[in-house]
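Undergrad: Make a model of this:
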Amino acid sequence: MNTRTLNRLARLEQGGGEPVVILVMRPAATPQPFRGYRVTWPDGENDYPGEDPASLKTVIRSEAAHRLPAGVFALQVRELAA
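TA: Residues are numbered from 1 along each chain as shown. As a prediction, this is how the structure comes out:
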C-alpha cells in the first residue's frame, strides 16, 4: 500500500467520509496493445477506454470518490481486450 492509501485509511478510522479505494489490477490474458480498463463496481462494470494507464487510474479513483460511500473498497480492474 502506498502512503496516500494509508493516510486515507487513517482518516477513515477517525470518522472521515472519503472512500478508500484499492485497485486490484488484472493483466490481459495475452499481451496486446493497451486499450483501456474495465472496472467492476459494486453495481456493475464500466469500460474506460484510453491510451494512458496512469491517467485512467486517476479517472477511476476520482469517480470512486463521488460514486462510493465511506469505507474500504477493492475494485477489480482488467485491461480491455482487443
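Undergrad: Just list the residues touching the residue nearest to the spatial centre of the chain, thanks.
TA: Centroid-nearest residue in the chain: Leu23, 4.1 Å away (criterion: Cα atoms, centre = their mean). Applying Cβ atoms under 8 Å, 6 or more residues apart in numbering to Leu23 gives the contacts 57, 60-61, 74-75, 77. C-betas here are computed from N, CA, C, even on glycine.
Undergrad: how about those residues, which pair is most distant?
TA: Using Cβ to Cβ, the contacts of Leu23 span at most 14.3 Å, a distance reached by Lys57 and Ala74.
Undergrad: Give me the more crowded residue out of the two.
TA: Set Lys57 next to Ala74 and count neighbours by other Cβ atoms under 10 Å: Lys57 wins out with 15 against 11.
Undergrad: Quick one: neighbours of Val21, just the number.
TA: Other residues close to Val21 by other Cβ under 10 Å number 20.
Undergrad: swap in Thr58?
TA: Counted with other Cβ under 10 Å, Thr58 comes out at 11.
Undergrad: do the same with the one 4 residues further on
TA: Other residues within reach of Ser62, judged by other Cβ under 10 Å, total 11.
Undergrad: Now do the same for it: helix, strand or coil?
TA: helix (DSSP: H, G, I helix; E, B strand; the rest coil).
Undergrad: contacting residues around it?
TA: Counting by Cβ under 8 Å, 6+ apart, Ser62 has no contacts.
Undergrad: Validate this expectation: Leu75 resides in a strand.
TA: Yes - checked against three-state DSSP, Leu75 lies within a strand.
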